[in-house]
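Chemist: need a structure here:
(one chain, ligands or ions: 1)
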Amino acid sequence: MTLRIEGYVIVSADGMLADARNVMPDELKFEGDKAFFTAALDRVDLILHGRNSHEDQPNSPRRRRIILTRNIGAIAPDPSNPKATLWNPAGASFEAACEHAGIETGTVAVIGGPGVFGMFMDRCDVFWLSVASKVRIPNGEPGFPGVPARSPQNILAAHGLRAGTPQILDAAEGVSVTPWRRDT
Ligand SMILES: NC(=O)c1ccc[n+]([C@@H]2O[C@H](COP(=O)([O-])OP(=O)(O)OC[C@H]3O[C@@H](n4cnc5c(N)ncnc54)[C@H](OP(=O)(O)O)[C@@H]3O)[C@@H](O)[C@H]2O)c1
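Modeler: Now for the predicted structure:
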């Protein structure tokens with residue numbers, strides 16, 4: 001099995017991906033970032049996320065996905081979505097879940113939440129970190145385990161990833177995305 005693993009998140013300037021109620025607030029939603037994220041997900045082979053992190057885009061029903069949940073023991077089809085595999089990492093390996101999803105090779109996009117990012121950070125080939133530099137979310141939900149004691153950038157670096165050239169996604173709102181790639 002040869003899989004390329006990519007992470008995707010947008011965080012506030014203080015490293016949060018959701019508000020105090022664990023909901024992604026409108027302040028973190030930007031057309032430029034949405035377009036970047038949509039195009040990225042359209043070209044991957046598989047999406048991986050926790051039960052609360054569905055990307056909710058027009059093409060979502062067409063995408064194969066693995067959803068983490070403790071509601072099952074190991075691996076099961078999702079009764080509500082023929083393209084989805086339910087996976088409990090306590091009961092089965094990631095490779096077994098990919099096999100169930102019909103994916104042996106290709107690119108996997110890991111799209112959250114924080115615990116899922118933490119689980120896959122050491123395996124990511126690249127992590128696309130979008131930052132909304134003008135937004136702060138006091139008492140928000142940290143983007144990665146370890147935020148806010150450390151910044152998301154510090155955490156990515158500690159996991160062996162190095163920042164590449166940022167792309168501006170929304171100049172007026174100060175939103176950019178930076179690829180953090182593993183040294184090879
Ligand atoms: N800004 C962004 O880019 C971004 C990215 C992702 C998410 N978000 C936001 O963050 C919030 C969701 O965060 P969340 O903390 O609820 O994360 P989540 O990972 O999407 O969902 C948590 C659920 O996933 C399952 N899960 C997670 N880790 C698991 C594990 N190790 N083993 C088995 N099951 C596991 C569990 O489901 P069960 O309860 O079924 O057992 C858990 O309750 C949402 O508001 C979402 O919109 C924002």
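Chemist: for F117, what are phi and psi?
Modeler: Note on F117: its backbone torsions stand at phi -60, psi -50 [degrees, to the nearest 10].
Chemist: equivalent analysis for F30, please.
Modeler: Dihedral angles (degrees, to the nearest 10) for F30: phi -130, psi 140.
Chemist: if I read this right, D122 contacts A158, doesn't it?
Modeler: No: taking contacts as Cβ atoms under 8 Å, D122 lies outside contact range of A158: 10.2 Å. Every residue, glycine included, has its C-beta placed from N, CA and C.
Chemist: what about the longest helix seen in the chain, distance to the chain center?
Modeler: Across the chain, the longest stretch assigned as helix under DSSP state H is helix 31-43. Centre-to-centre, helix 31-43 and its host chain are 12 Å apart (Cα atoms, centre = their mean, to the nearest Å).
Chemist: who are the packing partners of it?
Modeler: When contacts are defined as 3 or more Cβ pairs under 8 Å, 6 or more residues apart in numbering; DSSP states H and E, helix 31-43 packs onto strand 2-12, strand 105-110, strand 126-132, strand 167-170, strand 175-182.
Chemist: tell me the buried residues in that helix?
Modeler: Applying a neighbour-count criterion of 16 or more other Cβ atoms under 10 Å, one finds 32-33, 36-37, 40-41 buried in helix 31-43.
Chemist: helix or strand right after that helix?
Modeler: Once the chain leaves helix 31-43, the next helix or strand it forms, by DSSP states H and E, is strand 46-50.
Chemist: and the angle from that following strand to strand 105-110?
Modeler: 30 degrees (axes from the mean of the first three to the mean of the last three Cα atoms, to 10 degrees).
Chemist: buried set for the helix or strand following strand 46-50?
Modeler: The C-terminal neighbour of strand 46-50 among helices and strands, as given by DSSP H and E, is strand 65-68. By 16+ other Cβ under 10 Å, the buried positions in strand 65-68 come out as 65-68.
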